[in-house]
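[1] Any chance you can model this:
(chains A and B)
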There are 2 protein chains.
Amino acid sequence: MNEFDLIEQYFKPLTQGHDDLKDDAAVLEIPKDHELVVTSDTLNEGVHFFEGETPENIARKSLRVNLSDLAAMGAKPFSYQLNLALNKPDKNWLAAFTKTLLEEQKYYGIFCSGGDTTSIKGGLLSLSITALGIVPKGKALRRSGAKDGDLIIITGPVGDAYLGLCALKNNIDPSKYPKAIERYRLPRPRILEIQGITEYIHAAADISDGFLADLGHICEASSLWSITKLDNFVYSQEMQAALGEGLVKPLEPLGKGDDYELVLAVPPKHAKTVMEHLKAQNCTPMIIGEFTGDQEKQALMENEKKVFAGPDTGWTHF
Amino acid sequence: MNEFDLIEQYFKPLTQGHDDLKDDAAVLEIPKDHELVVTSDTLNEGVHFFEGETPENIARKSLRVNLSDLAAMGAKPFSYQLNLALNKPDKNWLAAFTKTLLEEQKYYGIFCSGGDTTSIKGGLLSLSITALGIVPKGKALRRSGAKDGDLIIITGPVGDAYLGLCALKNNIDPSKYPKAIERYRLPRPRILEIQGITEYIHAAADISDGFLADLGHICEASSLWSITKLDNFVYSQEMQAALGEGLVKPLEPLGKGDDYELVLAVPPKHAKTVMEHLKAQNCTPMIIGEFTGDQEKQALMENEKKVFAGPDTGWTHF
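    As a prediction, this is how the structure comes out:
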């Protein structure tokens, strides 16, 4: 089976009739009065997912981490480019991988506009997706948009993906932390949940590097500081158990990535609207602090006292 | 040096001020009355370039193969996303790689709108670029646009990249085929040369899979056949020498990829305009046949006789 047969059989259905992959490139019409939002994520086997992870989970994770970036911009999904470097094509693997992508496409409202399928030396997959979104002109959410006094809202509990990773790495009985493991394997981008409330939000970031790191990105871009109230965090039941048993240390959930919840800067007058919308979307949002223009007020607070995060506040690659 | 320092020092300059890489995604305004053209190419070390190839040549080749796809669509370069999976960042390597990309960007009129830099297991690089171009609405060149009677024009000699690869693989004295080796290492996309004449062209493809394969793609998409006159091909001096010595077999240059010249379908009344424009751009264009709606006339012709290509008519990955 050569490259062209692969494209015809497995990848062409992903275009959902938008293009036939037979041109050198896709031609896309961006809706009037909209801007394009572009993001890329690369996932490598053995780094971003375990070696031998199922094609279904790889398909879902690789698309979803990109959708999460679009969500953080307040954008709607449009199309994506799929770049796949694999050692040897396995028909069953490709069939499962592309079948899952098609399911995801239909759920999230996005189609595949093209890509490249290549051979790589060594046995490990490398997969890059570039996702395109659209947003009405001038309405993209920027990290730089937060204002002094905005509330910090997160769309759901943090740290669960890290707990899932811990459980897998330490060979802990998977039945003990099933939801956390599922969260690590299958991020849930808040791309559909955020639609309809972006006008009430000043700034957003997805929690991919870790809550503290991603909050820090908003602060830095907006020239603000944050007051974070640890008492306001509600952790998942599994995380509460893991904290109780010492598998996860206090504060660690705030420093670990891969959660793909969103951290939002919301003016107090719109907080109720945003919270209620998110709850109606089956999120578990929390108001966990506020942004401040006064550097002196910057703090992690617990029981009205200042505490400090450890040095490990975010995931970096190197 | 962590991921964020890497981005700040090496990748931020590539945005040329268009975006600061601090948001989750880039926001791009597509000029009014234009469509977006999107293409992706993945290059893997040891497959698309030799192991240990210089960062300068990797940078140039990876961007240029994408620009060649935009050229085939009649598009102008707009921006690109850079997805880099590397074992361990080396400062000298990254400095040389990004310096070269910036030079290329300025030459071709494109900027980096974002990307991802990740760690990969094993020592070999994998690099994906998704390039965005723009084209006035409805004016993209499609492979399906060729008409019965259109002339087949190529923008320059074919096979030189293959000759360069042969020379390198067979450890032939590099001074014997210096231009061919350079062509293999450094494709020259015809993206600037094609500007201004796209309105005279019915269809185009870049010769990345091999002349016969890429011509075949146009024929298939346009439901036409081709009459190709081998006598009309003028090979480079180095190719003529290699053919004479038997390093390259007759017809082989027509089946090998990586040349990144364009094959065009041009109505006879515009052939002179197209040829003269390309010559003025320092190309060596040739009219090497015509498209036909009559399957019976399909042929490779030599000295007015039909000949046939061997089975190896194009590069596929698997």
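[2] ok, which stretches of the stretch 1-150 of chain A are helices?
    A:3-6, A:55-72, A:91-108 (DSSP state H, counting those that start in this stretch).
[3] Just say which of those helices is most tucked in.
    Among those, helix A:55-72 has the highest mean neighbour count (mean count of other Cβ atoms under 10 Å in any protein chain shown), at a mean of 24. C-beta: built from backbone N, CA, C; applies to glycine.
[4] now the helices of the stretch 1-150 of chain A as CSV including distance to chain B?
    Below are these laid out as CSV (distance: least, Cβ to the nearest Cβ, whole Å):
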stretch, distance to chain B
helix A:3-6, 4
helix A:55-72, 4
helix A:91-108, 11
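[5] Could you pull up phi and psi at residue A:157?
    Taking degrees, to the nearest 10, you get phi -60, psi 150 for the backbone angles of residue A:157.
[6] Burial check on the closest residue to it other than its chain neighbours, number of neighbours?
    Spatially, and ignoring its direct neighbours in sequence, residue A:157 is nearest to residue A:236 (4.8 Å; Cβ to Cβ, 6 or more residues apart in numbering or on different chains). As a burial measure, residue A:236 scores 20 neighbours (other Cβ atoms under 10 Å in any protein chain shown).
[7] With only the CA atoms kept, save stretch A:223-231 in CSV.
    Taking Å, rounded to 0.1, in the frame of the first residue of the first chain, the C-alpha atoms of stretch A:223-231 are listed here in CSV:
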residue,chain,number,x,y,z
SER,A,223,1.3,43.5,33.5
LEU,A,224,-0.7,42.4,36.5
TRP,A,225,-0.2,40.2,39.6
SER,A,226,-2.5,37.6,41.1
ILE,A,227,-4.0,36.9,44.5
THR,A,228,-4.8,33.2,44.5
LYS,A,229,-6.9,31.7,47.3
LEU,A,230,-6.0,28.1,47.9
ASP,A,231,-9.1,27.6,50.1
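[8] Residues contacting it, please?
    With Cβ atoms under 8 Å, 6 or more residues apart in numbering or on different chains as the test, stretch A:223-231 has contacts from A:146-148, A:152, A:212, A:215-216, A:218-219, A:251, A:254, A:288-295, A:297-303, A:307.
[9] of those, buried ones?
    A:146, A:152, A:212, A:215-216, A:218-219, A:251, A:254, A:288-292, A:299-300 (16 or more other Cβ atoms under 10 Å in any protein chain shown).
[10] Isn't residue A:23 up against residue B:142?
    Yes. In this structure, residue A:23 is within contact of residue B:142 by Cβ atoms under 8 Å, at 5.7 Å.
[11] if you count what's nearby, which of these two comes out ahead?
    A count of neighbours by other Cβ under 10 Å puts residue A:23 above the other of residue A:23 and residue B:142, at 25 against 20.
[12] Indicate whether the host helix or strand of residue A:218 makes contact with chain B.
    Secondary structure assignment for residue A:218, by DSSP states H and E: helix A:211-222. Yes. Under the criterion of Cβ under 8 Å from any Cβ of the partner chain, chain B is reached by helix A:211-222 at A:217, A:220-221.
[13] Out of these, the closest to chain B would be?
    Set against chain B, the nearest of those by Cβ to the nearest Cβ is residue A:221 (5.2 Å).
[14] Most neighbours among the residues of helix A:211-222 next to chain B, which one?
    Neighbour counts for the residues of helix A:211-222 next to chain B (other Cβ under 10 Å) peak at residue A:217, which has 21 neighbours.
[15] pretty sure it contacts residue A:142?
    No. Residue A:217 lies out of contact with residue A:142 (Cβ under 8 Å); the separation is 10.9 Å.
[16] Switch the helices of the stretch 1-150 of chain A over to TSV; also include distance to residue B:58.
    Shown next, in TSV, are the helices of the stretch 1-150 of chain A (distance: least, Cβ to Cβ, whole Å):
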stretch	distance to residue B:58
helix A:3-6	22
helix A:55-72	24
helix A:91-108	28
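[17] Switch the residues of helix A:211-222 next to chain B over to CSV; also include pLDDT and distance to residue B:202.
    Shown next, in CSV, are those (pLDDT from 0 to 100; distance: Cβ to Cβ, whole Å):
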residue, pLDDT, distance to residue B:202
A:217, 92, 49
A:220, 93, 52
A:221, 94, 48
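[18] From those residues, pick the one nearest residue A:190.
    Ranked by distance to residue A:190 (Cβ to Cβ), the residues of helix A:211-222 next to chain B are led by residue A:217 at 16.8 Å.
[19] residues contacting the closest one?
    Neighbour list for residue A:217: A:143, A:205, A:209, B:22 [criterion: Cβ under 8 Å, 6+ apart].
[20] Just the pLDDT at residue A:198, thanks.
    Looking at residue A:198, its pLDDT is 96.
[21] Same question for the one 10 residues further on.
    What the model reports for residue A:208 is a pLDDT of 87.
[22] Tell me the spacing between the closest residue to it other than its chain neighbours and chain B.
    Sequence neighbours aside, residue A:257 is the residue nearest to residue A:208 in space, at 5.2 Å (criterion: Cβ to Cβ, 6+ apart). To chain B, residue A:257 is 11 Å away according to Cβ to the nearest Cβ, to the nearest Å.
[23] Now do the same for residue A:1: its pLDDT.
    For residue A:1, the model assigns a pLDDT of 67.
[24] one step back: any idea which of the contacts of residue A:217 is closest to residue B:86?
    Nearest to residue B:86 out of the contacts of residue A:217 is residue A:209 (Cβ to Cβ; 19.1 Å).
[25] Confirm that that closest one sits in a strand.
    No. Read with DSSP: H, G, I helix; E, B strand; the rest coil, residue A:209 is coil and lies in no strand.
[26] Hmm, it is touching residue A:259, no?
    No. In this structure, residue A:209 is not within contact of residue A:259 by Cβ under 8 Å, at 9.8 Å.
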